[in-house]
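J.: show me the folded form of this:
(4 chains)
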Protein chains: 2
Amino acid sequence: MNEASAPSATVTALRIRRTETLATLVRKELERMIVSGELKAGDRLNESALADRLGVSRGPIREACRGLEQSRLVEVVVNRGTFVRQISLQDALDIYDVRSALFGVAGETLAKRITPSQLSILSDLVARMNGAADDLDANYPLNVEYHAKLVEFSGNVRLMTTYRSLAQELHLFRRRGLVSEGSMAVSNREHRAILDALAKRDGARAGRLMREHILAGKNRLMKLAEAETGVAAEPSRRRRRLTAGA
Amino acid sequence: MNEASAPSATVTALRIRRTETLATLVRKELERMIVSGELKAGDRLNESALADRLGVSRGPIREACRGLEQSRLVEVVVNRGTFVRQISLQDALDIYDVRSALFGVAGETLAKRITPSQLSILSDLVARMNGAADDLDANYPLNVEYHAKLVEFSGNVRLMTTYRSLAQELHLFRRRGLVSEGSMAVSNREHRAILDALAKRDGARAGRLMREHILAGKNRLMKLAEAETGVAAEPSRRRRRLTAGA
DNA sequence: AATCTGAAAACTGTTGACAGTTTGTCGGAG
DNA sequence: CTCCGACAAACTGTCAACAGTTTTCAGATT
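T.: Below is the predicted model of the structure:
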């Protein structure tokens, strides 16, 4: 809860600079801490403490927070501080819908322009995921990379940055936990089908499969939420609370 | 080219604060200046000059720039300054693809939950656009509002913010100029068709129509670019230059 | 015991100053 | 005339200090 007591002194942010500003280094470090879960949703970012911990003054810290605010990883409350954003279930579901649309257009675009070497990279990833089909921890990073590559290979820079931003934001919701071994098998089958559609340059099919692939993830989350709360998630569109009090 | 000599002293940024931080006010003012074209693509943002002009110190200016960087309206080059971003034709086309996908999912979502009062608001906008079918300047803001409302009414907050961010970014490309009277008539017909699909709660059709509506805009831009340069735009995916020298 | 009050502590918002880098200029050498 | 280098000006990056706000907490009051 308090970042001053964080264990890993991963403050590689020493003066190797001239290429990057301290604010940028701090932003990346904070991004890492948030995405990795070192900083949890709702946590407050104490400027002075962070400044001490990272060995810089408060200026760069504030600049970094302003960037993080715009990429929706934190919320800034005037005179009270900046807090790691809290994502409601509804927010997460909303993000899935947007991600699904983006992933779909990535598929349509990629099918038109995919190269043999890109195909082989994707094919390799699918094979490795099949090989690790019973190991969640090995599968997870491969899965993330496969998705990232699909978007990256589309060649649409803006699509890539938007997708990445949404994926990062989704990390605020939960530490994995959504992938079970059963879903992993299904997921891998879908991965292969997507690869197949891309190899055949079938843009419409690749787009549809990729949209559905993300929506399958959304459905798993909804099922899980229903099971936990006993209430259906989607119909009740309650607004998220804006204040992020710890 | 120099913001110190800008005419309108729209520095409403006086101390009415306590609700918003100076950095936020500055960011919004800069956003306005960029989107309105007061600051043009490639322009440099001189921190000291801006600080003087807006009556604040450089701290809030820098924080604002960090936010704008993350929302892709400016680019920051270390030790050289922050520049209003320059959007290449390819960037613009890429953005159209993303926007199209987002607009489509907005349609699918909205069709499921649209209310009578929302329908009447949209219907009113369509009617007013038809009434102003021969007046580009009157039509433009209505058109923007219609699109914004369609996304807003979807209820997906993240979709709305992402869409708005992309729309703003597209403003960097060109000051309107894309809408001719002929396209306006076509556009209004499409608006009506979208409204019709929404009224019938036909999500698939609304989504398709809305996707195509944006892609029509992309096609107009491509045609225009081909006519200007004599070269087809889409196939040649040249990378945009990163340095934004004036 | 619970609550209210007000001062102290902690923290954010903002500023001005200093250091280092980049840009622009002027004079001289080739 | 062109090119080169030193010097000056302009500007960005960073920091420490100050001002104002929020939070904490001890002590008084009911």
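
J.: what strand or helix carries residue A:83?
T.: Element membership for residue A:83, per DSSP states H and E: strand A:81-84.

J.: that strand near chain B at all?
T.: No: judged by Cβ under 8 Å from any Cβ of the partner chain, strand A:81-84 stays clear of chain B, getting no closer than 10.9 Å. (Each C-beta comes from the backbone N, C-alpha and C, glycine too.)

J.: for that strand, list the C-alpha coordinates in PDB.
T.: Provided in PDB are the C-alpha atoms of strand A:81-84 (Å, rounded to 0.1, in the frame of the first residue of the first chain):
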ATOM      1  CA  GLY A  81      -3.300  13.500  -5.100                       C
ATOM      2  CA  THR A  82      -3.100  10.900  -7.800                       C
ATOM      3  CA  PHE A  83      -4.500   7.400  -7.400                       C
ATOM      4  CA  VAL A  84      -4.100   4.300  -9.400                       C
END
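
J.: what's the mean pLDDT across that strand?
T.: Strand A:81-84 carries an average pLDDT of 97.

J.: and the helix or strand immediately after it in the chain, does that touch chain B?
T.: If you walk from strand A:81-84 toward the C-terminus, the next helix or strand you reach (DSSP H and E) is helix A:89-113. Yes: for helix A:89-113, a contact with chain B is found by Cβ under 8 Å from any Cβ, at A:91, A:94-95, A:97-98, A:100-102, A:104-105, A:109.

J.: from those, which is closest to residue A:162?
T.: Using Cβ to Cβ, residue A:102 comes nearest to residue A:162 of those, at 6.2 Å.

J.: and that closest one, how far from residue A:35?
T.: Using Cβ to Cβ, to the nearest Å, residue A:102 is found at 19 Å from residue A:35.

J.: of those two, which one has the most company?
T.: It is residue A:102, of residue A:102 and residue A:35, that has more neighbours when counted by other Cβ atoms under 10 Å in any protein chain shown, with 29 against 16.

J.: the residue nearest to the more buried one when sequence neighbours are not counted: what's it in contact with?
T.: Closest residue to residue A:102 apart from its sequence neighbours, by Cβ to Cβ, 6 or more residues apart in numbering or on different chains: residue A:163 at 5.0 Å. By Cβ atoms under 8 Å, 6 or more residues apart in numbering or on different chains, the contact list for residue A:163 reads A:99, A:102-103, A:106, A:151.

J.: what's the biggest helix in chain A, counting residues?
T.: Once chain A is assigned using DSSP state H, the helix that runs over the most residues is helix A:203-229.

J.: by how many degrees do that helix and helix A:89-113 diverge?
T.: Angle between the axes of helix A:203-229 and helix A:89-113 is 160 degrees (criterion: axes from the mean of the first three to the mean of the last three Cα atoms, to 10 degrees).

J.: show me what counts as buried in helix A:203-229.
T.: For helix A:203-229, burial by neighbour count (16 or more other Cβ atoms under 10 Å in any protein chain shown) applies to A:203, A:205-218, A:220-222, A:224-225.

J.: residues near residue A:41, how many?
T.: Residue A:41 has 19 neighbouring residues, counting by other Cβ under 10 Å.

J.: and it, that's in a helix?
T.: No: secondary structure of residue A:41 (DSSP: H, G, I helix; E, B strand; the rest coil): coil, not part of a helix.

J.: where does pLDDT dip in chain A?
T.: A:1-17, A:175-181, A:230-246 (pLDDT under 70).

J.: could you chop it up by domain?
T.: Residue ranges for each domain of chain A read A:10-84, A:89-229, as given by automatic domain parsing.

J.: between those domains, which gets nearest to residue B:173?
T.: domain A:89-229 (12.0 Å).

J.: what is the end-to-end distance of the closest one?
T.: In domain A:89-229, first residue to last residue: 11 Å (Cα to Cα, to the nearest Å).

J.: also stretch A:129-141?
T.: End-to-end for stretch A:129-141, by Cα to Cα: 10 Å.

J.: buried residues, that stretch. List them.
T.: A:129, A:132, A:139.

J.: need the residues of chain A near DNA strand C, please.
T.: Within chain A, the positions near DNA strand C by Cβ under 7 Å from any atom of the strand are A:18, A:44-49, A:58-59, A:62, A:76, A:78-82.

J.: the same query, at a cut-off of 6 Å, please.
T.: Those residues of chain A that sit near DNA strand C, judged by Cβ under 6 Å from any atom of the strand, are A:46-48, A:58-59, A:62, A:78-79, A:81.

J.: ok, and the most crowded of the residues you listed?
T.: Neighbour-wise, the residues of chain A next to DNA strand C (other Cβ under 10 Å) top out at residue A:62, 23 neighbours.

J.: could you confirm that residue falls within a helix?
T.: Yes: assigned with three-state DSSP, residue A:62 falls within a helix.

J.: with adjacent residues omitted, what lies nearest to it?
T.: The shortest distance from residue A:62 to any non-neighbouring residue, by Cβ to Cβ, 6+ apart, is to residue B:63 (5.8 Å).

J.: isn't that neighbour up against residue B:23?
T.: Yes: counting by Cβ atoms under 8 Å, residue B:63 does reach residue B:23; the two are 3.7 Å apart.

J.: so what sits against both of those two?
T.: Contact criterion Cβ under 8 Å, 6+ apart; residues bridging residue B:63 and residue B:23 by contacting each: residue A:66.

J.: and the strand holding residue A:83 with DNA strand D, contact?
T.: No: for strand A:81-84, no contact with DNA strand D is found by Cβ under 6 Å from any atom of the strand; the gap never falls below 8.3 Å.

J.: what sits up against that strand?
T.: The contact list for strand A:81-84 (Cβ under 8 Å, 6+ apart) reads A:34, A:39-47, A:65, A:68-69, A:73-77, A:172, A:244-246.

J.: still on that earlier bit, how about a markdown table for the domains of chain A, with distance to residue B:199 added?
T.: Output for the domains of chain A, formatted as a markdown table (distance: least, Cβ to Cβ, whole Å):
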| stretch | distance to residue B:199 |
| --- | --- |
| domain A:10-84 | 33 |
| domain A:89-229 | 22 |
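
J.: by neighbours, which of the residues of helix A:89-113 next to chain B wins?
T.: Neighbour counts for the residues of helix A:89-113 next to chain B peak at residue A:102, which has 29 neighbours (criterion: other Cβ under 10 Å).

J.: close to DNA strand D: what parts of chain A are there?
T.: So chain A meets DNA strand D at A:17, A:21-23, A:56-60, A:79-80 (Cβ under 6 Å from any atom of the strand).

J.: could you redo the last one with a cut-off of 7 Å?
T.: A:17, A:21-23, A:55-60, A:79-80.

J.: whichever of these end up buried, select them in ChimeraX.
T.: Filtering the residues of chain A next to DNA strand D down to the buried ones (16+ other Cβ under 10 Å) takes a single ChimeraX command:
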select /A:21,22,23,56,59,60
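
J.: reformat the residues of chain A next to DNA strand D as a markdown table; add secondary structure and distance to residue A:123.
T.: Shown next, in a markdown table, are these (DSSP: H, G, I helix; E, B strand; the rest coil; distance: Cβ to Cβ, whole Å):
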| residue | secondary structure | distance to residue A:123 |
| --- | --- | --- |
| A:17 | coil | 40 |
| A:21 | coil | 40 |
| A:22 | helix | 42 |
| A:23 | helix | 41 |
| A:55 | coil | 45 |
| A:56 | coil | 45 |
| A:57 | coil | 49 |
| A:58 | helix | 49 |
| A:59 | helix | 48 |
| A:60 | helix | 43 |
| A:79 | coil | 54 |
| A:80 | coil | 51 |
